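> Any chance you could fold what I've pasted below:
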Amino acid sequence: MSSALSTGSISINCQKTTFDTNTATGSGGLFSISSGYQRPVDLTFNSVIAKLTSITGIGGGGGILYTPPTSTSSIVTIGASTFISNTVAGNGGLFYLEGTDSKSVTINTATSISGTSAGGKGGLIYINSKSQTVVFSGVTLVENTQSTLEGGIYYPEFPSIGPNTLSLTLFQSTFTNFKSPVEGSFLVVNSLGSPVVTVSISQTSLACKPNDLYWNFPT
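Now for the predicted structure:
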């Protein structure tokens, strides 16, 4: 699905739906919001299965959702869903979110994610905005997730001029075998834009090879 709307808002709500073997050459394997759109974009998945989505074009990212730099806020909410073997050539194995306002991704109870990879940054999530919130709460399992560049699970970028903020919460969730061959098996935050970063981890398991936790050179 691609949208070229320049006014109004976009709200995508998927319930008890299966997406199987979808292929795109540009960004947004399932949902792509066209450049120039200047309004909010929200996505809700509940009891959704998304598997074998691939983006083959050079630089194409966001296996599930792509939003352009012109968009404003985005709220992504995922619950009781399953993601299997989704791959992209560019950034953000599942979500590539850019925009002028806040971007939020919440992945909730009974969701499992396996075999997701990005040829660029952010094995699961890539966000470029001034205010970012990412929450994993009660996630059953995130496994075998990787990026070719930085941020095996999440890579944030920010405007050069702040204020910029990032909030990451991991609660009662399990992560295993996640990696980056460059740095940041889970998360990398660079100094551009001087973001204020808050990370909260509680009752969560994070397990990968010892080298992957730190410098992540290929073995």
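> in this structure, what spans have low per-residue confidence?
Residue ranges of the chain with pLDDT under 70: 1-7, 209-219.
> Could you rerun that using 50?
2-6, 214-219 (pLDDT under 50).
> beta partners for the residue nearest the centre of it?
Of all residues in the chain, the one closest to the mean position by CA atoms, centre = their mean is residue 125, 1.8 Å from it. Beta-bridge pairing for residue 125 (DSSP bridges): residue 95, residue 154.
> May I ask you to confirm that it is in contact with residue 105?
Yes - with contacts counted by CB atoms under 8 Å, residue 125 reaches residue 105, the gap being 5.8 Å. Quick note: C-beta positions are derived from backbone N, CA and C, even for glycine.
> what sits against the residue nearest to the centre of the chain?
Shown in contact with residue 125 (CB atoms under 8 Å, 6 or more residues apart in numbering): 92-95, 97, 105, 134, 153-155.
> Make a PyMOL selection of the buried ones in those residues.
Buried members of the contacts of residue 125, defined by 16 or more other CB atoms under 10 Å, are picked up in PyMOL with:
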select buried, resi 92+93+94+95+97+105+134+153+154+155
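> Could you provide the contacts of residue 125 in JSON lines, with additional columns for distance to residue 142?
JSON lines is the format used below for the contacts of residue 125 (distance: CB to CB, whole Å):
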{"residue": "92", "distance to residue 142": "15"}
{"residue": "93", "distance to residue 142": "11"}
{"residue": "94", "distance to residue 142": "11"}
{"residue": "95", "distance to residue 142": "13"}
{"residue": "97", "distance to residue 142": "18"}
{"residue": "105", "distance to residue 142": "13"}
{"residue": "134", "distance to residue 142": "12"}
{"residue": "153", "distance to residue 142": "7"}
{"residue": "154", "distance to residue 142": "11"}
{"residue": "155", "distance to residue 142": "15"}
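> Which of the contacts of residue 125 sits closest to residue 186?
Comparing the contacts of residue 125 against residue 186 with CB to CB places residue 153 closest, at 4.9 Å.
> one step back: I'd like to know how far the residue nearest to the centre of the chain sits from residue 36.
24 Å (CB to CB, to the nearest Å).
> Then residue 96?
Residue 96 is 17 Å from residue 36, by CB to CB.
> With neighbour numbers in mind, choose between those two.
Using other CB atoms under 10 Å, the more surrounded residue of residue 96 and residue 36 is residue 96, with 31 against 12.
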